[in-house]
Each structure stands twice: as structure tokens, then as C-alpha cells.
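In: I'd like to go over a predicted model; first the sequence, then the structure.
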Amino acid sequence: MHNSSCAITDLAANEILDSRGNPALQVTLTLEDGTTAVAGVPSGASTGAFEAHELRDGDNTRFGGKGVWQAAAHVTDTILEALRGMRADSQREIDTRLIELDGTESKSQLGANAILGVSLACARAAAAFHGLPLFQYLGGSDAHILPVPMFNILNGGKHATHGPDFQEFKLVPLGAPTFAQALRCGAEVYHALHDLLVAKGLSANVGDEGGFVPELPSNEAAMGLMMQAIERAGYKAGEDVCLGLDPAATSFFADGRYRLERDKLDLDSAEMTAYWAEWVDRYPLVSLEDPLADNDWRGFAHLTSVLGERVQVVGDDLFVTNPRFLSRGLAEHCCNSILIKPNQIGTITETQGTARMALRAGYTCMVSHRSGETLDTSIADLAVALNCGQIKSGAPARGERVAKYNRLMEIERQLGASATFAGKTAFPRFGQTHANAAVSRPDKLQGRESTPSRGLPA
Ligand SMILES: C=C(OP(=O)(O)O)C(=O)O
Ligand SMILES: [Mg+2]
């Protein structure tokens with residue numbers, strides 16, 4: 001059945017600023033019946049080596065970052081010419097056409113930013129045309145699971161200066177009964193951490209994703225602060241709230257060594273794994289993302305064999321949302337979870353394909369924002385569409401981060417009685433982990449925190 005009013009008639013593209021103040025691409029798509037949809041494309045800082053190519057203008061710098069006018073021109077010239085007249089609700093055909101049109105493995109001809117902007121705008125327009133919310137259009141009538149949010153409340157690595165070596169220290173409020181209460185918990189612990197930092201005379205400045213960036217004597221001191229903030233906010237660590245990490249280890253890996261400046265340590269891959277094993281013993285960690293560098297496949301296989309029964313090991317830079325790298329990971333038993341970032345692969349169809357491939361293989365999936373974000377909230381809908389149960393979108397503060405969390409609350413309200421918060425079920429290893437380590441062994445934890453060489457300044 002052909003309905004011509006769903007046909008694509010126009011595409012517009014322009015530069016906007018992302019949350020770091022760098023140019024980002026915004027695409028507006030129009031259908032024959034007058035429906036319009038807008039999509040914004042985010043941008044990473046700690047990018048994986050094999051991510052789809054984000055097209056940036058040469059040295060034509062604007063606003064302190066490189067522009068996206070070339071990508072915008074591809075949208076309004078080549079892509080519009082190819083898609084004009086196609087039905088917006090034929091997402092798979094449209095994405096296939098975009099891939100063919102580009103013709104490169106890395107989407108470097110048209111730019112993955114141009115391609116994703118169109119792919120997303122197309123999905124949004126089709127959803128609007130059919131009178132469906134985006135999560136239902138993408139996920140069908142069974143899309144009902146609200147993801148556990150991971151709140152990155154303490155920033156380091158490439159997302160902050162003078163912070164810890166590790167990029168993200170995250171709260172995982174898996175014990176909450178609803179998404180809205182998980183969000184409230186995240187905000188309360190975030191504020192408790194702020195007050196704790198002020199009380200200790202530490203900086204409460206924030207990094208790219210809205211988390212605080214205190215200057216600390218060791219990386220582990222950040223874990224101590226997270227635990228104290230949870231307690232200060234009146235929650236029970238290991239029960240109401242667990243912890244997640246994204247060290248983004250590629251950023252401190254060179255010549256086969258992991259160099260931790262804060263800890264004055266220079267480790268090989270096996271020693272880095274042993275370092276993480278100690279943290280898994282000591283803290284209620286449920287998720288460990290990119291604990292090793294993105295070319296350390298053997299190291300990942302070893303780490304997964306040692307820790308994979310107890311903790312979620314997530315491949316972000318390792319898999320770059322790409323089925324080719326995920327296949328290698330499945331074959332070599334690397335990780336048991338994948339991060340899903342639409343702009344790492346470039347189309348909605350491929351993003352959903354990689355996520356479903358992972359879920360079929362028994363891997364968990366976490367949908368993710370980028371460190372340079374726009375106000376686009378598509379990832380919130382995508383997480384519900386996939387029923388995958390996990391999302392990360394930074395701190396529960398800053399407009400571009402809370403836009404996604406607020407959208408999830410809206411979806412929860414829309415779904416009403418059908419809404420199901422993923423909670424602990426999103427973490428199949430939760431019961432087997434040492435998730436209660438901090439609760440059942442407070443003496444050990446306290447001991448570590450008061451160790452002078454590793455402890456916080458008074
Ligand atoms: C969100 C992340 O950072 P970026 O967008 O800088 O890659 C990440 O590494 O998971
Ligand atoms: Mg990451």
C-alpha cells in the first residue's frame with residue numbers, strides 16, 4: 001500500500017553548537033504532508049579508533065572547533081537527491097540507500113554525522129506521520145522496559161582536566177522501583193557529593209558530562225567519595241545503588257603499558273586486570289566499561305575470563321557499535337556487554353542490528369550518549385525500543401544530559417501501568433557478584449579509605 005504523503009520532499013541541514021561549544025550538525029526532514037522532524041548529531045572526545053568517520057571541515061574553524069558545513073552540504077545535495085520521494089517509514093531501505101551512496105566502510109565520503117542526522121530525522125518524521133512516539137515506532141508494541149540510568153557524577157580522563165585518570169565514575173540506582181525514582185536517587189546522591197566536596201575543601205567544578213572533577217591523591221579516592229556520597233544521601237550502597245566505571249583505558253595506554261598518573265603506576269595488561277579485580281572485590285561494582293585499551297583483545301579475553309561472572313564487562317571503544325568487532329568479541333570471548341552509540345556506526349538500522357545481535361548472544365546492552373551532546377533525545381527512545389534495560393547520559397544535571405532523562409520520565413508516564421523499570425534484572429550477574437561487598441565488609445572498606453597514601457586530604 002503506497003501512501004505518497006509519507007514521501008520525503010526536503011532536507012535542510014545547519015550547524016548548531018554542542019554541549020562543549022563545538023559545531024554539531026542538525027538535520028530537518030520534511031514529508032509531503034508537511035510533517036517535519038529535527039535531529040541533532042552528538043560528538044565524542046574519547047573516540048574509538050574504528051568509529052564511523054565524523055566529517056569535519058578542514059581548517060575552516062568556527063566557534064573554536066571544526067565546522068560541519070561539508071556534512072551539511074552532503075545532506076542537502078547528494079542525500080536529498082537520492083532520498084527525495086522515498087517513504088520515510090521504509091527505514092531499512094533508506095539506511096541501505098545511505099550506506100550505498102557513501103560507498104565506504106567508515107562512511108567517510110558523506111560523513112557519519114550527515115548520514116546519522118538523516119537516518120534519525122527520518123525515523124522521527126515517520127513516527128510523527130504514523131502518530132506514534134519514537135520508542136513505539138522503533139520498538140513496536142512490546143517496547144515497555146525503562147532502562148536503569150547510569151549517572152556519571154565524577155569525571156576524569158579526557159572529559160576533565162586535573163581529575164582522576166579514569167573517565168567516568170557512575171551511580172547505578174538499580175534498586176529503585178521506577179525510572180523516576182532512580183532519577184531522583186541519582187540527583188540526591190549528586191547533590192550529596194557536591195556538599196561532601198565542599199565540606200572537604202575540594203573543587204566542585206564539573207567536566208564534560210556534568211560530573212564533579214575533584215583533584216585527588218589517587219584514583220581510588222574517587223571510589224571512596226562515591227561511597228560516602230551514597231551514604232550521605234541516605235541510600236544503601238550495594239542494595240539501592242551500585243557503581244559503574246568507564247575508565248576509557250585507551251586514553252592512558254601507550255606502548256603496551258597502562259600508565260596511571262594519579263596512582264604513579266605503570267602496569268601491563270595482566271596487572272591492570274588484577275587492579276580491577278581488587279576494585280570488584282572491594283566495591284559494589286556492577287559495570288566495567290573499556291577497562292583495557294581498544295587493541296588489547298587478548299587482555300580483554302583474559303579479563304572477561306577472570307571477572308566476567310561477577311561484573312558486566314562492556315565494550316565501547318573495543319566494539320564501536322559495529323557488528324564486525326562484536327563478532328570478533330563473541331568469538332574470542334571478550335566482554336559480556338556492549339555500549340550502543342548510534343554515531344559510532346552511523347544509521348538507526350545498523351545501531352538496532354548490532355544491539356539485537358548482542359542481545360541474542362546473551363550480552364547486555366547499554367545505550368549511550370556522547371560527551372559532546374545536543375538536545376536530541378533519540379537515545380532515550382532507542383533504549384526503550386530495544387527493551388535493553390540500560391542507558392547512560394551523564395550526570396543528572398546540565399540540560400543536554402537531563403533532556404534524555406526527562407524524556408524517559410515522559411515515556412514512563414505515557415506507558416502508565418505497562419511501564420516496567422528494568423532494575424536489578426538489567427544486570428544478570430548482580431546476584432553472583434560482590435555487589436554487597438561494601439555492605440558486608442565495611443571494615444575493609446573503611447580501612448582502605450583511611451590509608452594515608454590513598455586517602456583523601458583531610
Ligand atoms: C561517552 C563516552 O565518551 P565519548 O563520547 O567522549 O566517547 C564514552 O567513552 O563512553
Ligand atoms: Mg566509553
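Out: Structure received. Numbers count the residues shown, from 1 in each chain. Ligands and ions are numbered 1, 2, ... in the order given.
In: my read: residue 170 touches residue 247, true?
Out: No: under the criterion of C-beta atoms under 8 Å, residue 170 is not in contact with residue 247, lying 11.3 Å apart. C-beta here means a position set from N, CA and C on the backbone, and glycine is covered the same way.
In: angles on the backbone of the residue sitting nearest the centre point of the chain, please.
Out: For the chain, residue 368 is the residue whose C-alpha lies nearest the centre (C-alpha atoms, centre = their mean; 2.3 Å). Backbone torsions for residue 368, taken as degrees, to the nearest 10, come to phi -140, psi 150.
In: quick check: closest non-adjacent residue to residue 83.
Out: Excluding the flanking residues, the one nearest residue 83 by C-beta to C-beta, 6 or more residues apart in numbering is residue 8, at 5.1 Å.
In: wait, does stretch 403-415 make contact with ligand 1?
Out: No: using C-beta under 6 Å from any ligand atom, stretch 403-415 stays clear of ligand 1, with a minimum separation of 12.3 Å.
In: neighbouring contacts of that stretch?
Out: 133, 135, 144, 146-147, 149, 178-180, 183, 369, 375-377, 379-381, 383-384, 391, 393, 396, 419, 421 (C-beta atoms under 8 Å, 6 or more residues apart in numbering).
In: out of those residues, which end up buried?
Out: 133, 135, 144, 146-147, 149, 179-180, 183, 369, 376-377, 379-381, 383-384, 391, 393, 396, 419, 421 (16 or more other C-beta atoms under 10 Å).
In: in helices, which of those residues fall?
Out: Members of the buried ones among the contacts of stretch 403-415 lying in helices (criterion: DSSP state H): 135, 179, 180, 183, 379, 380, 381, 383, 384.
In: roughly how far does the second one sit from residue 18?
Out: If I follow you right, that is residue 179. 26 Å (C-beta to C-beta, to the nearest Å).
In: and residue 155, what are its bridge partners?
Out: Applying DSSP bridges to residue 155 gives these bridge partners: residue 168.
In: scratch that, residue 267
Out: Assigned bridge partners for residue 267, using DSSP bridges, are residue 258.
In: distance check, it against ligand 1.
Out: 20 Å (C-beta to the nearest ligand atom, to the nearest Å).
In: shouldn't that residue be in contact with residue 252?
Out: No: shown here, residue 267 and residue 252 do not form a contact pair, counting by C-beta under 8 Å, at 9.8 Å.
In: could you count how many residues lie near residue 120?
Out: A count of nearby residues for residue 120, using other C-beta atoms under 10 Å, gives 27.
In: no wait, residue 266
Out: The local packing of residue 266 (other C-beta under 10 Å) involves 11 other residues.
In: these two touch, right, it and residue 254?
Out: No: using C-beta under 8 Å, residue 266 is not in contact with residue 254; the gap is 10.3 Å.
In: what pLDDT does the model give the closest residue to residue 361 other than its chain neighbours?
Out: Among residues not flanking residue 361 along the chain, residue 330 sits closest, at 5.3 Å (C-beta to C-beta, 6+ apart). Residue 330 carries a pLDDT value of 98.
In: which SS class is residue 330?
Out: Classification of residue 330 using DSSP: H, G, I helix; E, B strand; the rest coil returns helix.
In: tell me the secondary structure at the closest residue in space to residue 287 that isn't next to it in sequence.
Out: Using C-beta to C-beta, 6+ apart and skipping residues adjacent in sequence, the residue nearest residue 287 is residue 244, 3.6 Å away. The three-state label given to residue 244 by three-state DSSP is strand.
In: please apply the same query to residue 13.
Out: Going by three-state DSSP: residue 13 is strand.
In: go ahead and confirm it touches residue 75.
Out: Yes: counting by C-beta under 8 Å, residue 13 touches residue 75, with 3.8 Å between them.
In: what do these two both touch?
Out: 25, 27, 114, 117.
In: report how many residues lie close to the first one.
Out: The burial count assigned to residue 25 is 30, neighbours taken as other C-beta under 10 Å.
In: residue 120 is in contact with that one, correct?
Out: No: contact between residue 25 and residue 120 fails when scored by C-beta under 8 Å: they sit 10.5 Å apart.
In: spit out the residues that contact these two alike.
Out: Both residue 25 and residue 120 are contacted by residue 41, under the criterion C-beta under 8 Å, 6+ apart.
In: tell me the domain ranges of the protein?
Out: Following the TED database, one gets these domains for the chain: 7-131, 145-429.
In: which one of the ones you listed is the most hemmed in?
Out: Among the domains of the chain, domain 145-429 has the highest mean neighbour count (mean count of other C-beta atoms under 10 Å), at a mean of 22.
In: so does it get close to ligand 2?
Out: Yes: using C-beta under 5 Å from the ion, domain 145-429 reaches ligand 2 at 246, 316.
In: wouldn't residue 84 be in contact with residue 31 here?
Out: No: applying C-beta under 8 Å, one finds residue 84 not in contact with residue 31, separated by 11.2 Å.
In: per-residue confidence at the residue in the chain positioned nearest to ligand 2?
Out: The chain approaches ligand 2 most closely through residue 316 (3.5 Å), counting by C-beta to the ion. Looking at residue 316, its pLDDT stands at 98.
In: which bits of the stretch 301-450 of the chain sit near ligand 1?
Out: Residues of the stretch 301-450 of the chain lying near ligand 1 (C-beta under 6 Å from any ligand atom): 316, 368, 370, 371.
In: so what's the first one up against?
Out: If I follow you right, that is residue 316. The contact partners of residue 316, by C-beta under 8 Å, 6+ apart, come to 48, 246, 248, 289, 290, 338, 339, 341, 368.
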